[in-house]
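Asker: just to be clear, the model below is a prediction. Sequence and coordinates:
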Amino acid sequence: MTNVTDLVVKAQLGDMTSFEQLVILYQDRVYSHCRYLAGNPDDAQDLAQEVFVQAFRGIRSFRRDAEFATWLHRITVNLWINFCRRHRKVSTISIDEPLPTREGEMQRELADEAESPQERVERHEFNQMVAQALDRIPVDYKLALVLRDVEGYNYEEIAAMLDCSLGTVKSRISRGRQALKKELEKKR
């Protein structure tokens, strides 16, 4: 398999097949990141698609002084920030909310061999509580926390993605964790 640098160079020269291979290599990772930022699959899918549109438009200007993945995530973060500015309040609807029927409401259930129903409910409630708390903290903190604690990037990679200093990243993560903890304690 061709390495990422070769694919990037070829894509910069206009090779569509190379760009398509880059999309295939990174689409799951970009979507996952978009999903955590957007909080719902529809907005995440739109955001991920826009990331690759922007990457396609800007591939020739990519200087290769950072990893391609870092560049894609920087595009993702910028697009998310712009989205947040345009839509100050982002509302999400959980797919786990009851489904209305003629007889009343019915819970949607998914088969899961690994968890008991009680564990599934507890995990869902916890994830929902964390997602809601994340939505209530400042966007800069949320971005840093998602990149570090969900996506698993190190501080240097996050600094490159967010185009800020290492100290700023550490501060945002620390303050973000404090803000998240405070929000979660309000729910107790």
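Answerer: Thanks, I have it. Numbering: from 1, shown residues only.
Asker: surely residue 169 is in contact with residue 162?
Answerer: Yes. Using C-beta atoms under 8 Å, residue 169 is in contact with residue 162, at 6.6 Å. (Glycine included, C-beta is placed from N, CA and C.)
Asker: between the two, which is the more surrounded one?
Answerer: Set residue 169 next to residue 162 and count neighbours by other C-beta atoms under 10 Å: residue 169 wins out with 24 against 20.
Asker: sorry, back to before: so for residue 169 and residue 162, which residues contact both of them?
Answerer: Residues touching both residue 169 and residue 162 by C-beta atoms under 8 Å, 6 or more residues apart in numbering: residue 144.
Asker: where is the longest helix in this protein?
Answerer: Counting residues, the longest helix found in the chain (DSSP state H) is helix 16-38.
Asker: quick check: next helix or strand after that helix?
Answerer: Counting by DSSP states H and E, the next helix or strand C-terminal to helix 16-38 is helix 41-58.
Asker: domains for the chain, by residue range?
Answerer: Taking automatic domain parsing as the reference, the chain has its domains at 1-90, 107-188.
Asker: of those domains, which is nearest residue 97?
Answerer: domain 107-188 (8.1 Å; C-beta to C-beta).
Asker: run the chain-centre distance for the closest one.
Answerer: The chain centroid and the centroid of domain 107-188 are separated by 10 Å under C-alpha atoms, centre = their mean, to the nearest Å.
Asker: ok, back up a step: now the longest helix of the chain: average pLDDT?
Answerer: Averaging pLDDT along helix 16-38 gives 91.
Asker: one more: stretch 41-56?
Answerer: 92.
Asker: what's the answer for stretch 71-80, then?
Answerer: Stretch 71-80 comes out at a mean pLDDT of 88.
Asker: stretch 181-188 too?
Answerer: Taken as a whole, stretch 181-188 has an average pLDDT of 82.
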